[in-house]
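In: Next input, structure requested:
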Amino acid sequence: MEETQQSRSGAYSRIEGFIFLLVSLCAIVYSLVEHQRAKVVWQQSPYLFPLLVAVFLLPLSLSLLRSAGKENKDGAPLLFLVRDTVVVALGTVVYVIVMPHLTFLVSTVLFLFALFFYLGERRYLLISLLSVGFTSLMYLLFGKLLHVMLP
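Out: As a prediction, the model looks like this:
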């Protein structure tokens, strides 16, 4: 029974690593293509931040794939929750689709609020403070201080 659980966990870890690898590569390609279309310098490009996130996600996904390959040898199963990953991925897709209509600030606050709530936090004041605070910090840091165009 334990061996079946380990092999199932290893398969899920490989799937998770592969999904993150695909997302990273797609985000890199998307950022580069859209930056070329925007015809702005990198310092002002709204595609710089997604590109940086995707570049950092790439080695992490490769590390996850490598650890999934070693998992059967070590016997230490990794926890992978398919439902949570799918819900967060779909929420992110909805966030990206809604962002042009609601603006960066409103859609990010709503996305973070929903994500914190889904992940189990039930203190509404804390969720509100974190969502508004993080979004405001990102807006001030990137939009005002660094003059990066936000989506």
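In: Show me where the chain has its strands.
Out: Taking DSSP state E as the criterion, the chain carries no strands.
In: how is it carved up into domains?
Out: Domain segmentation of the chain under automatic domain parsing yields 1-79, 81-151.
In: would CSV of those domains with mean neighbour count be doable?
Out: C-beta coordinates here come from the backbone N, C-alpha and C atoms, glycine included. Shown next, in CSV, are those (neighbours: other Cβ atoms under 10 Å):
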stretch, mean neighbour count
domain 1-79, 14
domain 81-151, 14
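In: Mean pLDDT added to those, as JSON lines?
Out: JSON lines is the format used below for the domains of the chain (pLDDT from 0 to 100):
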{"stretch": "domain 1-79", "mean pLDDT": "75"}
{"stretch": "domain 81-151", "mean pLDDT": "87"}
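In: what residues are up against residue 84?
Out: By Cβ atoms under 8 Å, 6 or more residues apart in numbering, the contact set of residue 84 is empty.
In: what's the spacing between it and residue 55?
Out: 25 Å (Cβ to Cβ, to the nearest Å).
In: Could you do residue 115 as well?
Out: Applying Cβ to Cβ, the value for residue 115 to residue 55 is 23 Å.
In: ok, residue 57 touching residue 17?
Out: No - in this structure residue 57 lies outside contact range of residue 17 using Cβ atoms under 8 Å: 10.9 Å.
In: need the helices for the chain, in chain order.
Out: Residue ranges of the helices in the chain, as given by DSSP state H, are 2-38, 48-74, 82-118, 124-138.
In: who's in contact with the shortest one?
Out: Residues external to helix 124-138 that are found in contact with it (Cβ under 8 Å, 6+ apart): 104-105, 108-110, 112-113, 116-117, 121, 150.
In: now with 7 Å?
Out: Residues outside helix 124-138 that contact it (Cβ atoms under 7 Å, 6 or more residues apart in numbering) are 105, 108-109, 112-113, 116-117, 121.
In: now stretch 28-45
Out: Residues outside stretch 28-45 that contact it (Cβ under 7 Å, 6+ apart): 47-48, 50-51, 54-55, 147-149.
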